[in-house]
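Asks: attaching a predicted model along with its sequence, questions to come.
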Amino acid sequence: MPRQRHRPKLAVWKFASCDGCQLTLLDCEDELLLMSELFEIAYFLEASSAVVRGPYDLSLVEGSITTPEEVERIHAIRRQSRILVAMGACATAGGIQAVRNFADVEDMKRVVYASPEYVRTLEHSLPASAYVPVDFELPGCPPSKAQVLEFLTAFLQGRRPSIPTHSVCIDCKRQGVVCVMVAEGIPCLGPVTRTGCDALCPRYRRGCYGCFGPMESPNTESLSAWFLVRSGLAPQQLVPLYRSFNAAAPAFVEASQRSADPIGVQQATESPWTQAVNERESANGEP
Amino acid sequence: MPEAVVVEASQLANLLAALQARKYRVIGPTVRDGAIIYDDLTTVSDLPVGWTDEQEAGEYRLRRRDDGAYFGYAVGPYAWKRFLHPSPFTLWRARRTPDGVIVELTDAEPSRFAFLGVRPCDLAAIGILDRVLRDGPYVDPSYRDRRDHVFIVTVQCANFSPSTCFCVSMGTGPRAENGFDLALTELLDPGSHRFLVEIGSERGAEILRELAHRPASASDWETATRLVHKTAARMGRQLEVRGLPEALLANLEHHRWDHVAARCLTCGNCTMVCPTCFCFSVEDRSDLTGSVIERVRTADVCFTTAFTYTAGKSLRQSARSRYRQWLTHKLATWVTQFGTFGCVGCGRCITWCPVGIDITEEAAAISGLTRKDERP
Ligand code: SF4
Ligand code: SF4
Ligand code: SF4
Ligand code: SF4
Ligand code: SF4
């Protein structure tokens, strides 16, 4: 065992979310007991009702910020936390609930709730980083157990966590998967999505849904144009593709808006490379 | 012409059995998830009998064929480096114990492979990896220990349409002259399904003695040569390689780099499928308490920002600089570094690029060189 030192105080906070990220923590079955020895679990209501007051060495934040009360609470948590980590698609990119960012929230309230006047909500569902400085982000819906453990291990050892930001494709290839897009024509967001899931969906012969949000240099414009020209998707089908778990991630916002906007679509189909693809195909005598 | 014999197609089972009897782990083509890939073979029925592929930039389709060809397809997504240079790969493991730290070597007994169905381009690619990882000044022991034992059965390219291939331009195919233990050419005549078998080594000759065979006739040779010529004539891509390194390096600011960068997803698929890309990163992984540490090597590619992360910054930020690194390494700087091209013309990067970027098209546009292969 390493030398005894002060046990860091860990707090896990919930905002607008489904609790799936906290379940990922609880799902670390083999390591859970050890974690409770290495950390002082000061606040984690999903696991224990015992509460220890702050300040905290490490705060893990789940969920997006959607109400005025939540804005106050995330500021209070930030003030009490040495390191604040946003965990999961909601806390890092607004979550699935951020689809409302693209509509009128008052209209939505009227459709969903019998007495909308009781619902106090912000216009947008946003990540923690929209309101407070965030020290590290663990993406994913839900985040990967391996990445969460790597982060906690690195935190304990005082080193940089090794959590890659490249495409899903690289891990898809490392896993020996046959690309569903190339071999079956299934649209896949893997090339613009950040790795973390070990290419779970392609391993089950499905296209990537983008759970882990945008990768480090997402070229959604090129991928969208390919979806339109080669996968035969209509522009309106691209919009929900980008507006899911990470709807408020800037790169996906831009991608979905481009597809929702007729001018953007026209630009994509007229872009020089789309023409290059078309020309090559007519040269090959293909449709 | 090397020494050659003819065996009936039914002898393939005996070939497999002879390799298995020598405790080889036999890897060869098999159909999985909509493609012909290389994986462990147990019986001849694992081979892709009656299957072929159709390939284009960004597109691969598995198709039925109406003859009983065993090897009537071009290369699939995964090359042999997957077995010779595996990823992820644990280099060593260390444990903290009451008596101190114990270091365990994790690669004590690497598999002895027999590769069945190595295409000429892939054989050339193994030769390139040899130069980089085994025969140069820096030897990778895990590569050497696998490579030194591997038994290679090449299959000369015949009976399929090589649409994204350009081995003729690279001088690596569609026929291999040496570097194999045995080389098969599949002869599919009406009423006669047989293989012309060329013998490339003493080990190969020894295995062959266990198969029923007869000497190759002039007409067997003639058929085999005609089939391989036909493949060469149908080559779907070409690349002018004379003067190519110089022409590319003289055009590092060509506007075409911006054009291709606008399309490139920096996803890394091209390098992952390339049979010669060997880059890796090494990382120490530990458990929560730090009592077990593993040093792990994983395949890495020059399309990630982490690849050039140095002193707090990634040196290749733009897609343009990353694509340029890939293309110029394959077709220009590899030559200065290792004395050959880093490309064998297998076409994998063209087929498996999710947006169909074609290295031959880009290289021609940037270098200004074009080529028309003579059709034999
Ligand atoms: S299946 Fe998707 S994630 Fe995998 S390589 Fe293809 S595009 Fe990338
Ligand atoms: S660069 Fe492309 S064509 Fe050349 S060897 Fe690599 S994958 Fe094959
Ligand atoms: S092209 Fe890139 S990944 Fe391939 S060997 Fe060169 S630097 Fe490595
Ligand atoms: S590139 Fe040449 S050697 Fe390789 S599969 Fe195609 S035809 Fe065969
Ligand atoms: S060239 Fe194609 S496969 Fe390679 S990184 Fe760019 S988009 Fe990906």
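Replies: Nice, I can see it. Ligands and ions are numbered 1, 2, ... in the order given.
Asks: quick one, grab the pLDDT at the residue of the stretch 151-287 of chain A at minimum distance from ligand 5.
Replies: Closest approach between the stretch 151-287 of chain A and ligand 5, counting by C-beta to the nearest ligand atom: A:P191, at 6.4 Å. In short, each C-beta sits where N, CA and C put it, glycine included. At A:P191, the pLDDT value in this model is 98.
Asks: what residues does B:R214 make contact with?
Replies: Contacts here follow C-beta atoms under 8 Å, 6 or more residues apart in numbering or on different chains; on that basis B:R214 touches B:5-6.
Asks: which residues does it bridge with?
Replies: Here B:R214 sits in beta bridges with B:V6, going by DSSP bridges.
Asks: contact partners of stretch B:358-376?
Replies: So stretch B:358-376 is in contact with A:280, B:57, B:166, B:168-169, B:229, B:232-233, B:235, B:237-244, B:247-248, B:251, B:254, B:256-257, B:259-260, B:270, B:327, B:330-331, B:343, B:349-350, going by C-beta under 8 Å, 6+ apart.
Asks: low-confidence regions, the stretch 101-250 of chain B specifically.
Replies: Applying pLDDT under 70 to the stretch 101-250 of chain B flags no residue at all.
Asks: buried ones from the contacts of stretch B:358-376, can you make that a ChimeraX selection?
Replies: In ChimeraX syntax, the buried subset of the contacts of stretch B:358-376 is picked out as below (16 or more other C-beta atoms under 10 Å in any protein chain shown):
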select /B:57,166,168,169,232,235,237,238,239,240,241,244,247,248,251,254,256,257,259,260,270,327,330,331,343,349,350
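Asks: which SSE is the one residue sitting closest to the centre of chain A in?
Replies: Per C-alpha atoms, centre = their mean, the C-alpha nearest to the average position across chain A is that of A:A89, at 3.0 Å. Assigned by DSSP states H and E, A:A89 belongs to helix A:88-93.
Asks: so stretch A:212-221, near ligand 5 or not?
Replies: No - on the criterion C-beta under 6 Å from any ligand atom, stretch A:212-221 is out of touch with ligand 5, staying 7.7 Å away.
Asks: is that stretch in proximity to chain B?
Replies: Yes - against chain B, stretch A:212-221 shows contacts by C-beta under 8 Å from any C-beta of the partner chain at A:216-219, A:221.
Asks: dump the residues you listed to TSV, plus pLDDT.
Replies: Shown next, in TSV, are these (pLDDT from 0 to 100):
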residue	pLDDT
A:E216	97
A:S217	97
A:P218	97
A:N219	97
A:E221	95
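Asks: what helix or strand is whatever residue of the stretch 101-250 of chain B ends up closest to ligand 2 on?
Replies: Scanning the stretch 101-250 of chain B for the residue nearest ligand 2 gives B:A125, at 6.2 Å (criterion: C-beta to the nearest ligand atom). Using DSSP H and E, B:A125 sits in helix B:120-133.
Asks: give me the contacts around that helix.
Replies: By C-beta under 8 Å, 6+ apart, helix B:120-133 touches B:75, B:79-81, B:84-85, B:118, B:139-140, B:143-144, B:147, B:152, B:154, B:156-157, B:165, B:167, B:170, B:172-176, B:179-180, B:275-276, B:278, B:338-340, B:342, B:344-346.
Asks: quick one, which of those are buried?
Replies: For these, buried by 16+ other C-beta under 10 Å: B:75, B:79-81, B:84-85, B:118, B:140, B:143-144, B:147, B:152, B:154, B:156-157, B:165, B:167, B:170, B:172-176, B:179-180, B:275-276, B:278, B:340, B:342, B:344-346.
Asks: what helices or strands is the helix holding A:A89 leaning on?
Replies: Other elements packing on helix A:88-93 under the criterion 3 or more C-beta pairs under 8 Å, 6 or more residues apart in numbering or on different chains; DSSP states H and E are helix A:20-26, strand A:56-62, strand A:136-138.
Asks: identify whichever of the ones you listed lies nearest to A:Q157.
Replies: Of all the helices and strands packed on helix A:88-93, the one in closest proximity to A:Q157, counting by C-beta to C-beta, is strand A:56-62 (13.2 Å).
Asks: right, is the closest one up against chain B?
Replies: No - Strand A:56-62 lies out of reach of chain B by C-beta under 8 Å from any C-beta, never closer than 13.6 Å.
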